[in-house]
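> Sequence and computational prediction follow.
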Amino acid sequence: MNTTRATAAAAALAGTLLLAACGSGTSGTSGGSGSGSGSSASGPAGKVTLTFWDWDPGMNKVVALWNSTHPDIQVRLSNPAGGDQLVSKLITAHQAKQDPDLTKVEYQSLPGLVSNGVVRDITAYTKQAVADYDSATLSATEFQGKVYGVPQDFAPLALFYRADLFQKYHLAVPTTWAQYAQEAAELHQQDPSAYMTNFDSADPGWFTGLAQQAGAQWWTTQGDSWHVDINGPATQQVASYWQGLVDKGLVQKSPSFSPQWNKEMNSGTLATWISGAWAPAQIGGIAPSTQGKWAVAALPGWTSGSAATGVWGGSATTVTTDSAHPAQAAEFATWLNTDPAAVTAQVQDINIYPASTPGRSLPILNQPPAFFPNQPGFYALIKQIAPSARSFSMWGPDVTVTFAAYSDTFGAALQNGTPFTGALDSMQNSTTSDMKRLGFSLH
Amino acid sequence: MATSAPPRGYRAGRSRLPYLLTLPATLLFLAFVAAPGGYALLLSLQARKVDGGLLAAGSRTVFAGLSNYTTALHDTELWRSVLRMAAVGAITIPGTVGLALLFALLLDAPRARLTGFTRLAIFLPYAVPGVIATLLWGFLYLPATSPIGGRHLDYFGSTTVFFSVANIVVWGAVGFNMVVMYTALRALPPEIYEAARIDGATELQIALRIKLPLIIPAVAMCTLFTVLAALQLFNEPNTLQPLSTAISSTWVPLMQIYTDAFVNSDVHQAAATSIIFAVGILTVSFVVGRLVQSRLDAAQGGRG
């Protein structure tokens, strides 16, 4: 009868769902055998189609350049999400063995993706490529002697400021944090509706960079064991400094990348933005009417004459464990980040500051980003500050937990006027308890 | 209902029909409710563990017993999120039902003009997707973009934020509920009003003492819907979160579940919290349903 067949079909359907459930429960058994979502076109002629997830706005032009010169390895680009959202998409898709062959990963997310079994060890394919990187840059993608990605860009923190406003209010470009606070007070006094910057509790990237500048090491490793030090003295120094500015009402409390903040950036309410070297690509979208009004300077130091800075973001091109064509994928990742034509295109279309050492001497870097036509020496300054940029020696395996704790606890501290140091303690506790729960060893 | 005994063969043939008719619903229920529910139950009893190596590439899934449940039940932040949800609900439930009832009664008043236009205007917000509505209200609330006094009134203060969120929910939900109640009002026989008028009742008396008691079943149903919507509060606070420091990533229970699953990549904890939450929702809707039913019975008893 019809009913029995339908019942059988229902049972089969339910069974399949349950099987899928069990299958996805065990992660990390990896790839090689399964084919990725779009990497189905491996025809008999050896022609391969690779899928690539990336959120850079001009990446399609760079990929088109590759496709026109590599008929046997075609790359299909898609942009499913950006930043941390892409990380969760990757982890979720990996459960179903549906990850793309290649993906863009920010440095801080890489250890977590390796730990989740998403990103593949490509040491064997990158013997040539690694020669193009200095050890400081490579340390962001190389853990315990294994290479997990080809670095794309490097993003030292710098001070982006409104040159026109600084001139109008007769402010000097600050070289120390003490001076920055003074200028902030002076600006706000001259124009009570203007602020030096905002304390951003939404995106932890800038704050982490400032902690790095002060010498913090949020994660350190010893053998296979971790040490977490988020509420240490260096980070507390940074938190107390900003607490002072917030308490005196010298900085805005609006979260960055919100409509409120965009308006403030556009209207000149905010005079500076502490951001990564990629800022020119963003300001164009955030504050389109301010073209030519911004300038870049080295980040103020804690002591006069200190050149140290931190890092916000920066990313690598990685190959996933779901990829059926790791060799070809690694070849593309290498080309993308070390080939002069590819890197030139990325500087031009995406405004990256290249991670590869030869890439940093390309002629394209002699011209400023389109949004900074008034500052021909833009990349010369970035090149000058890049060597003194400190990052953490290692990012933790659960950075998303730390970052979520930052947004929640600093947001609450701004809202309720509670101390920033308490927020740091919460970040520390959330991070260590999550690592313990997952079974990482801590010392 | 025919209760006389039909021939044996006929009865056997007919007894299969109900099963056949409910089959599509049963299949859909199995595929989209029972199977995912079972999967969630399975996930909630597991945990991801790493073993060996600094990054432990390739972690494994282990049986975790009820540990995810005990973690959730001991999480003070989860209980606080329940309280926040209740606080918003305390505004949205009476707000939505009250305003919908008020608008429905006003539209049904004999001297009301432009009813077609007004009805559409009140209903229109319901057609706007929740996320879009929230973005729209977000712009209205933020000081830099607010045309409704955001500079002078902090819409994202520690207390005001509850009203700001509730306002969006009520704005979106009133129209639908109003239409339900208005339809119920239009279905009432006009002779009753005529009788009332002959007895000397004013329009206000008719509205409160005749119309309202008669459409209580519709009001009760709207209340139940609104309670369920309040328990599932997610879209509005989640969309407002990046705009303000007043809303954390664990502001309401569903946001906490979302954060666990998609920010912290802990689908097991998220599954356990979901199941606790589902049990909670079932309990609340059962209690509210019972309450509504008993009031209805009482009202019917009173009338009859």
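Received, thanks.
> When you work out contacts or count neighbours from here on, use the C-alpha atoms and nothing else.
Will do.
> burial of residue A:302, as a residue count?
The local packing of residue A:302 (other C-alpha atoms under 10 Å in any protein chain shown) involves 19 other residues.
> ugh, typo on my part, it should be residue B:229
Residues near residue B:229, counting by other C-alpha under 10 Å: 16.
> Give me the distance between it and chain A.
25 Å (C-alpha to the nearest C-alpha, to the nearest Å).
> Any idea how far the one helix or strand that residue maps to is from the middle of the chain?
Assigned by DSSP states H and E, residue B:229 belongs to helix B:216-231. Here helix B:216-231 shows a centroid-to-chain-centroid distance of 8 Å under the convention C-alpha atoms, centre = their mean, to the nearest Å.
> Go ahead and name everything in contact with that helix.
B:85-86, B:88-89, B:92-93, B:96-97, B:101, B:177, B:180-181, B:184, B:281, B:285, B:288-289, B:292, B:296 (C-alpha atoms under 8 Å, 6 or more residues apart in numbering or on different chains).
> what do you get if the cut-off is 7 Å, keeping everything else the same?
If you take C-alpha atoms under 7 Å, 6 or more residues apart in numbering or on different chains as the criterion, helix B:216-231 is touched by B:85, B:89, B:93, B:97, B:177, B:180, B:181, B:184, B:288, B:289, B:292, B:296.
> residue ranges with poor pLDDT in chain A?
A:1-45 (pLDDT under 70).
> Could you look up the SS state of residue A:98?
The three-state label given to residue A:98 by DSSP: H, G, I helix; E, B strand; the rest coil is coil.
> Give me the secondary structure label for residue B:47.
strand.
> Can you get me a residue count around it?
22.
> dump the residue contacts of it.
In this structure, residue B:47 makes contact with B:61, B:62, B:63, B:64, B:268, judged by C-alpha under 7 Å, 6+ apart.
> Contacts only, for the third one.
Yep, that's residue B:63 we're talking about. Contacts of residue B:63 (C-alpha under 7 Å, 6+ apart): B:45, B:46, B:47.
> ok, it to chain A distance?
From residue B:63 to chain A the distance is 11 Å (C-alpha to the nearest C-alpha).
> where does that residue fall, phi/psi-wise?
The phi/psi pair for residue B:63 (degrees, to the nearest 10) reads phi -80, psi 130.
> Compare the contacts of residue B:47 and tell me which has the most neighbours.
Highest neighbour count within these, by other C-alpha under 10 Å: residue B:268, with 25 neighbours.
> Run through the bridge partners of residue A:102.
Here residue A:102 sits in beta bridges with residue A:52, residue A:319, as judged by DSSP bridges.
> Looks like it contacts residue A:322 (just checking).
No: taking contacts as C-alpha atoms under 7 Å, residue A:102 lies outside contact range of residue A:322: 9.5 Å.
> the helices in chain B, which residues?
B:8-29, B:35-44, B:67-73, B:76-108, B:115-127, B:130-141, B:160-186, B:191-198, B:203-206, B:212-214, B:216-231, B:235-240, B:253-262, B:267-303 (DSSP state H).
> re earlier: dump the contacts of residue B:47 to JSON lines, plus pLDDT.
What follows is the contacts of residue B:47, written out as JSON lines (pLDDT from 0 to 100):
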{"residue": "B:61", "pLDDT": "88"}
{"residue": "B:62", "pLDDT": "92"}
{"residue": "B:63", "pLDDT": "94"}
{"residue": "B:64", "pLDDT": "92"}
{"residue": "B:268", "pLDDT": "95"}
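> so what's residue A:91 up against?
Counted by C-alpha under 7 Å, 6+ apart, residue A:91 has contacts residue A:118.
> Check which helix or strand it maps to.
Using DSSP H and E, residue A:91 falls in helix A:83-95.
> Just the buried positions in that helix, please.
In terms of neighbour count (16 or more other C-alpha atoms under 10 Å in any protein chain shown), helix A:83-95 has its buried residues at A:84, A:86, A:87, A:88, A:89, A:90, A:91, A:92, A:93, A:94, A:95.
> From those, pick the one nearest residue A:295.
residue A:84 (28.7 Å; C-alpha to C-alpha).
> Find the nearest non-adjacent residue to residue A:262, please.
residue A:286 (5.3 Å; C-alpha to C-alpha, 6 or more residues apart in numbering or on different chains).
> Return the residues in contact with residue A:401.
Contacts of residue A:401 (C-alpha under 7 Å, 6+ apart): A:430, A:431, B:264.
> what helix or strand is it on?
helix A:399-416.
> for residue A:105, helix, strand, or coil?
strand.
> what residues does stretch A:347-359 touch?
So stretch A:347-359 is contacted by A:56-58, A:132-134, A:137, A:151-155, A:277-278, A:280-281, A:338, A:340, A:343, A:346, A:360, A:369 (C-alpha under 7 Å, 6+ apart).
> are any of these buried, and which?
Buried among the contacts of stretch A:347-359 (16+ other C-alpha under 10 Å): A:56, A:58, A:132-133, A:137, A:151-155, A:277-278, A:280-281, A:338, A:340, A:343, A:346, A:360, A:369.
> Okay, and which of these map to strands?
Using DSSP state E, A:151, A:152, A:153 are the members of the buried ones among the contacts of stretch A:347-359 that sit in strands.
> how about the second one, what does it touch?
With contact set as C-alpha under 7 Å, 6+ apart, residue A:152 has these partners: A:315, A:316, A:317, A:337, A:354, A:355.
> residues contacting the residue nearest to it when sequence neighbours are not counted?
In space, and not counting its chain neighbours, residue A:152 is closest to residue A:316: 4.7 Å by C-alpha to C-alpha, 6+ apart. If a contact means C-alpha under 7 Å, 6+ apart, then residue A:316 has A:104, A:105, A:106, A:107, A:149, A:150, A:151, A:152 as its contacts.
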